[in-house]
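**Q** Only the shape, not the letters, is given here:
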């Protein structure tokens, strides 16, 4: 039993588990295994508070079949990650997940490489947010830690902002002196903009590149409500199994909550 399960008052930070890369392995052979739907069930057993999945326009990993089954079987929160593309928006609005996370998308990228440009939006993001919200789905935007982007998100009335932690993760995963300095800079950016998100009355989420080794400083940011983590958990699951990999990350987040409790 995890700390958060034995004492829910200590469960301050929600863990969303992204199962996209389970599907990546499956699609490498265009076969039926490993099944991300089974992985989602095991993640729930390990203590996940939500399941995140990205239905990309090019269907490189998660498939329509997966999304349909997630919505039928997942018992924790569902977080549907998508671009502002009409076809995928249609699917999202029909299935009505708990959350919709809007992200930028490029067919050339290996993974999402940066946040949405809400400040420079010509109406596409605004219209997508309005359409999603009209169906009763909570809306979140994946943004770089840039104050102008946060202000623009607040004007759209979204429920949450997920901060792009990629630059922090890249710096934190290196071990030279210059990288330590850059890690501190990136972490301070996340803290400052995180407070801006909270001050605007939006939920503070974060994700991208977070691992067992670098997650704790981000989890300790004041006001942090949810972390979405995929690649590191799936990588660990190859060694120890999905349920245990999620449980290990859950215990890390609970340890941060416990430290805050005793301060």
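**A** Right, received. Where do you want to start? None of these values were measured; they are calculated from a predicted model. Residues are numbered from 1 along each chain as shown.
**Q** Would you indicate which residues of whichever helix or strand residue 45 is part of are buried?
**A** If you go by DSSP states H and E, residue 45 is part of helix 36-46. Within helix 36-46, the residues scored as buried using 16 or more other Cβ atoms under 10 Å are 36-37, 39-44, 46. C-beta here means a position set from N, CA and C on the backbone, and glycine is covered the same way.
**Q** Contacts for that helix, please.
**A** For helix 36-46, the external contacting residues (Cβ atoms under 8 Å, 6 or more residues apart in numbering) are 17, 19-20, 22-23, 26, 51, 53, 62, 66, 69-70, 73-76, 233-234, 237, 241-247, 250.
**Q** try 6 Å this time
**A** 17, 19, 22-23, 51, 66, 69, 74, 76, 242-243, 246-247 (Cβ atoms under 6 Å, 6 or more residues apart in numbering).
**Q** Now do the strands in this protein.
**A** 14-18, 50-54, 77-82, 99-102, 138-143, 160-164, 203-207, 224-229 (DSSP state E).
**Q** The second one: how far from the chain's middle?
**A** Offset of strand 50-54 from its chain centre (Cα atoms, centre = their mean, to the nearest Å): 7 Å.
**Q** In the protein, where is pLDDT below threshold?
**A** Applying pLDDT under 70 to the chain picks out residues 1-11, 106-112, 260-263.
**Q** buried set for the longest helix seen in it?
**A** The residue-count maximum for a helix in the chain (DSSP state H) belongs to helix 177-199. For helix 177-199, the neighbour count (16+ other Cβ under 10 Å) marks 182-183, 186-187, 189-191, 193-194, 196-198 as buried.
**Q** can you tell me how far residue 62 sits from residue 135?
**A** As for residue 62, its distance to residue 135 is 20 Å (criterion: Cβ to Cβ, to the nearest Å).
**Q** More neighbours: the two, which one.
**A** Taking neighbours as other Cβ atoms under 10 Å, residue 62 and residue 135 compare with residue 62 leading, 25 against 14.
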